[in-house]
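Colleague: here is the input, now give the coordinates:
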Amino acid sequence: MKPKTQNKLISVVQSPQWIWLRRNLFNNWFNSILTFVCIFVIYRVANIFGYWAVFLADWQVVLVNWRLFLVGRYPIELHWRLGIAVGLISCITFLSIWTIYVRSRYTKLVIPTWIITLLLICWLVTGGFWLRQIPTQLWNGLLLTLVTSTISIILCFPAGVLLALGRQSSLPILRWICIFYIEIVRGFPLIGILFMAQVMLPLFLPIGVRPDRVVRAIVGLSLFSAAYMAENVRGGLQSVPRGQIEAAKALGLSTPWVVLLIVLPQALRAVIPAIVGQFIGLLKDTSLLALVGLVELTGIARSILAQPEFIGDYAEVYIFIGIIYWILCYGMSWASRKLEQKLAVGKL
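Modeller: From the prediction side, this is the model:
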């Protein structure tokens, strides 16, 4: 073997990539065989799916109906509002990430800025004041999925924190009420909660007061997710050492300040993966809204499949909405991992 070729082989064998492969995939004969089997299976599946996606699938159903998938029946002449909303979300997201990573002095303004931005986006989407008001019956597709999941996440998080604190309370009546609520709601399926929110919620309100169907759906999602969020937060509360609470009280801090400054920051930091997992589950649970008459992303897919020219294109439609759900869920998971790395979750 020529010296030049031998030196190239030595450099390849000693490269970090080759060392990683030997250490993780080819460290013994069993793992080597398993790796080759997995490669073969992945290749076969990718080959079959790729051939179907390129030569057999009818993606015309997506190209023709992409507007319905994204915004449903939202008036075309008012799509500029949604464009502004997307632009605001993109800018605020970029600025928030930059502010947190560079540890700017403006970090404390991130949360108020998000609150103002979300209120502005709600005004743009719904209308009112100087803008034409859009009825919720025209909110369909991905737009309705994002609206219901975002508002439900914003509502269920503080509700879950309060329920977790109530369950840890020393006041028996408060603790029993929180335990009763959490266990009752966790014992019901979500679809049952959604049906009760649609049918029974108006019965508890004054005569003539009937909330919008979207509002009732958000209430059902929030109440259901708050019970699970409370258990996630309670796990974080139990991880905080008792000595820190006693030390804070010894320094003269009152109980509310101990909870806000000492307990909650550590508790929430410890359960970031569980909290984000609950948010991801809530996002996917919005697909059940189609069963109560709301035409969100899954519901609009069923409407599109009812079009005569696209009857039978189930695979193409559900693969497309599956990709949309995956992008949203992976984005939340990626943000969660970055936040964990920033806060050094799991490290002493």
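Colleague: I'd assumed V125 was in contact with Q133.
Modeller: No - in this structure Q133 lies outside contact range of V125 using C-beta atoms under 8 Å: 10.4 Å. C-beta coordinates here come from the backbone N, C-alpha and C atoms, glycine included.
Colleague: residue ranges with poor pLDDT in the chain?
Modeller: Low-confidence segments of the chain (pLDDT under 70): 1-15, 100, 102-104, 106, 344-348.
Colleague: the longest helix in it is where?
Modeller: helix 314-343 (DSSP state H).
Colleague: next, the contact list for the most centrally placed residue in the chain, please.
Modeller: Centroid-nearest residue in the chain, with C-alpha atoms, centre = their mean: I280, separated by 3.3 Å. The contact partners of I280, by C-beta atoms under 8 Å, 6 or more residues apart in numbering, come to 329, 332-333.
Colleague: those into CSV, with extra columns for neighbour count?
Modeller: Shown next, in CSV, are the contacts of I280 (neighbours: other C-beta atoms under 10 Å):
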residue, neighbour count
C329, 17
M332, 15
S333, 15
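Colleague: coming back round to it: against which helices or strands is the longest helix of the chain packed?
Modeller: Contact analysis of helix 314-343 by 3 or more C-beta pairs under 8 Å, 6 or more residues apart in numbering; DSSP states H and E lists helix 60-71, helix 79-101, helix 272-285, helix 297-305 as its packing neighbours.
Colleague: so for it, what gets flagged as buried?
Modeller: 316-317, 320-321, 325, 328-329, 336, 340 (16 or more other C-beta atoms under 10 Å).
Colleague: what does stretch 279-289 give?
Modeller: 279-280, 282-283, 285-289.
Colleague: just stretch 288-301 next, same as before
Modeller: By 16+ other C-beta under 10 Å, the buried positions in stretch 288-301 come out as 288-290, 292, 294-301.
Colleague: how about JSON lines for the buried residues of helix 314-343, with distance to W59 added?
Modeller: Converted to JSON lines, the buried residues of helix 314-343 look like this (distance: C-beta to C-beta, whole Å):
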{"residue": "E316", "distance to W59": "6"}
{"residue": "V317", "distance to W59": "10"}
{"residue": "F320", "distance to W59": "8"}
{"residue": "I321", "distance to W59": "13"}
{"residue": "Y325", "distance to W59": "18"}
{"residue": "L328", "distance to W59": "21"}
{"residue": "C329", "distance to W59": "23"}
{"residue": "S336", "distance to W59": "32"}
{"residue": "E340", "distance to W59": "37"}
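Colleague: and those residues, which is closest to P189?
Modeller: The shortest approach to P189 among the buried residues of helix 314-343 belongs to Y325, at 20.3 Å (C-beta to C-beta).
Colleague: right, and the helix or strand after the helix or strand hosting W18?
Modeller: Per DSSP states H and E, W18 falls inside helix 16-24. Using DSSP H and E, the helix or strand that directly follows helix 16-24 along the chain is helix 29-51.
Colleague: just to revisit the earlier point, and the helix holding W18, how far out from the chain middle?
Modeller: With C-alpha atoms, centre = their mean, to the nearest Å as the basis, helix 16-24 stands 34 Å off its chain's centre.
Colleague: could I get the CA-only coordinates of that helix as PDB?
Modeller: Once non-C-alpha atoms are left out, helix 16-24 reads as follows in PDB (Å, rounded to 0.1, in the frame of the first residue of the first chain):
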ATOM      1  CA  PRO A  16     -14.100  11.500  15.400                       C
ATOM      2  CA  GLN A  17     -16.900  10.300  13.100                       C
ATOM      3  CA  TRP A  18     -15.300   6.800  12.700                       C
ATOM      4  CA  ILE A  19     -14.600   6.600  16.400                       C
ATOM      5  CA  TRP A  20     -18.300   7.500  17.200                       C
ATOM      6  CA  LEU A  21     -19.500   4.800  14.700                       C
ATOM      7  CA  ARG A  22     -17.300   2.100  16.200                       C
ATOM      8  CA  ARG A  23     -18.300   3.100  19.800                       C
ATOM      9  CA  ASN A  24     -22.000   3.300  19.200                       C
END
